[in-house]
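**Q** Next one to model:
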Amino acid sequence: MFRKIPVVAAAFLSVVTINAQKNKNTMLERPKLVVGLVVDQMRWDYLYRYYNKYGNDGFKRLLNTGYSLNNVHIPYVPTVTALGHTCIYTGSVPAIHGIAGNDWTDKETGKNVYCTTDESVQPVGTTNVKVGSHSPKNLWSTTVTDELRLATNFQGKVVGISLKDRASILPAGHTPNGAFWFDDSTGNFITSTWYMNDLPQWIKTFNARNLPDQLVANGWNTLLPIEQYTESSPDNSAWEGLLGSAKTPTFPYTNLAADYQSRKDNIRYTPFGNTLTLQLAEAAVEGEKMGSDDVVDMLAVNLASTDYAGHKFGPNSIEVEDVYLRLDQDLARFFNYLDTKVGKGKYTVFLSADHGGAHSIGFLKEHKITSGFFGDGMEKNMNLKLKEKFGVDGLINAIDNYQIYFDRKVLKDNNLDLETVKDFTVHEIENDPDDLYAVSVTKVQEATIPEPIKQRIINGINRQRSGDIQLISHDSMLPPYAKTGTTHSVWNSYDAHIPLIFMGWGIKHGESDKPYFMTDIAPTVSSLLKIQFPSGNIGNPISEVTSK
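**A** Coordinates of the predicted model:
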């Protein structure tokens, strides 16, 4: 027998239900956690070059359930690590955010400046002052991670993680709960007093596990039978560099454990550096209780071993292919961890790269593709020509980031006009057949340089920190130090065309060939989270990726 509910009571229940539904519909919805994965030196084509050998739960999960942007480029030069990570998280360019390179030359003192070195802070977790004295003080703009902290009144947690100091510090911004990087002198992850005065217990516990020793204990052999690495050149190609004590660049690397004990940075060049980084990412989620409440958190992770392996062995090596196949497995394990810990569909991931990488010079020449070395002896030769013209020695102080820096003191002491010296230098360099363009940074707009190169120069030149002349080489020309392996820095597609995939909460499935830029990543994340764009942002949200 059912009891009748009085009319007044029924009306009251109806109002409560309507109000509850209204409150539910008007509550701000956000993911519990955003994870930024920046794969160092990942060319866009690596997504598909090794596609048939990837499992279903790593890169393929991103591609087959997320939204892939296939035409994303870096909108500035030089295309180097510090700039890439800063651009991704600020939505800005060196002209604005202040990070002019991994390092640059101070125009007034003539001294080299590393992007995150900060002598006012102390190392935490190590006694190595050089390794530990770092901060984001040289970064002028806020990051999307800063904006998340501000938007949540510092309740949303932010952590940056990388083997590299700069790739942890710059993405984490000015106000994170922590930024941690690898100390080659101890094999531990450390930080600085910018963030805290003592390592959190979860980092101490992680360091105490001595995971690097375990990861390298059995050496490094290929994940698959070596004859299956048909996407790569033969093992022991002439353009590959050597790892540790190895006499040839060939598998298996049986001495890796001993090499690691001798020099702990050897783990960086192997897939185990990425494994270690993602294990620390899991420890951060656990230790900081990220994604465990209704306030969104953000974890910025750089996977750096892809870059170290690329520099050492080159893009067409079996070593680089193996690093990516193993990273694919590591990503699968990490996503599975997040599914279990945070909840499938409750977190958002984006994966991108800070830059790409050129084919090795030896590889290109073997396959009859025009290539060579750019800038060898340029500083010495130009200083000689400048001395002949102006009667002064040492006018060029440095050539960094494909930029020429003139010595301000020498110019002043000899009453020389900077613009006159620049014009002469540009004219001389333009006679060099290896040079495509040379331009004074104050005359880029009027120079006869095609787009998109012109705009990328303008975006990349920081008035206070960049050089005086920008150099642009011909395609596939590498600096002379890259005689083995490879490097990056230029505007060309092999360095500037990067992957970008979003997956998870708020993201629909699909792909697009529309043109976008690296600067669009931060405002897309900001838009998804309904927070302010970073202070120096010049990008635009990629609205087609969201399911809203």
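**Q** and the residue lying closest to residue 424 once chain neighbours are set aside, which of the three is it?
**A** Spatial nearest neighbour of residue 424, excluding adjacent residues (CB to CB, 6 or more residues apart in numbering): residue 389 at 5.8 Å. Where C-beta positions appear, they are placed from N, C-alpha and C, glycine not excepted. When classified by DSSP: H, G, I helix; E, B strand; the rest coil, residue 389 comes out as helix.
**Q** And the pLDDT at residue 389?
**A** pLDDT recorded at residue 389 is 97.
**Q** What about it, how many residues nearby?
**A** Residues near residue 389, counting by other CB atoms under 10 Å, number 14.
**Q** That one contacts residue 425, correct?
**A** No: the criterion here is CB atoms under 8 Å, and residue 389 misses it with residue 425 at 9.2 Å.
**Q** Please tell me how far the residue nearest to residue 424 sits from residue 108.
**A** For residue 389, the distance to residue 108 equals 24 Å [CB to CB, to the nearest Å].
**Q** Please apply the same query to residue 70.
**A** The separation that residue 70 has from residue 108, given CB to CB, amounts to 44 Å.
**Q** Comparing those two, which residue is more hemmed in?
**A** Neighbours were counted for residue 70 and for residue 108 using other CB under 10 Å; residue 70 has more, 17 against 9.
**Q** how much space between that one and residue 44?
**A** For residue 70, the distance to residue 44 - CB to CB - is 7 Å.
**Q** Also residue 398?
**A** For residue 398, the distance to residue 44 (CB to CB) stands at 32 Å.
**Q** So those two - more neighbours on which side?
**A** Using other CB under 10 Å, the more surrounded residue of residue 398 and residue 44 is residue 44, with 23 against 19.
**Q** Tell me who's in contact with that one.
**A** Taking CB atoms under 8 Å, 6 or more residues apart in numbering, we find residue 44 in contact with 70, 72, 353, 356, 497-499.
**Q** Turn the residues you listed into JSON lines, columns for distance to residue 536.
**A** As requested, those are arranged in JSON lines below (distance: CB to CB, whole Å):
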{"residue": "70", "distance to residue 536": "27"}
{"residue": "72", "distance to residue 536": "19"}
{"residue": "353", "distance to residue 536": "21"}
{"residue": "356", "distance to residue 536": "24"}
{"residue": "497", "distance to residue 536": "24"}
{"residue": "498", "distance to residue 536": "20"}
{"residue": "499", "distance to residue 536": "24"}
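**Q** got the contact list for the nearest residue to residue 229 once chain neighbours are set aside?
**A** Spatial nearest neighbour of residue 229, chain neighbours left out: residue 318 (4.6 Å); criterion: CB to CB, 6+ apart. Residue 318 sits next to 222, 226, 229, 232-233, 235, 251 when contact means CB under 8 Å, 6+ apart.
**Q** Straight-line length of stretch 428-440, end to end?
**A** 13 Å (CA to CA, to the nearest Å).
**Q** what's the offset of that stretch from the middle of its chain?
**A** In terms of CA atoms, centre = their mean, to the nearest Å, the centre of stretch 428-440 is set 30 Å apart from its chain centre.
**Q** List of residues touching that stretch?
**A** Contacts for stretch 428-440 (CB under 8 Å, 6+ apart): 372, 374-375, 378, 382, 385, 419, 422-423, 425-426, 447, 449, 453, 457, 468-474, 477.
**Q** Thank you, goodbye.
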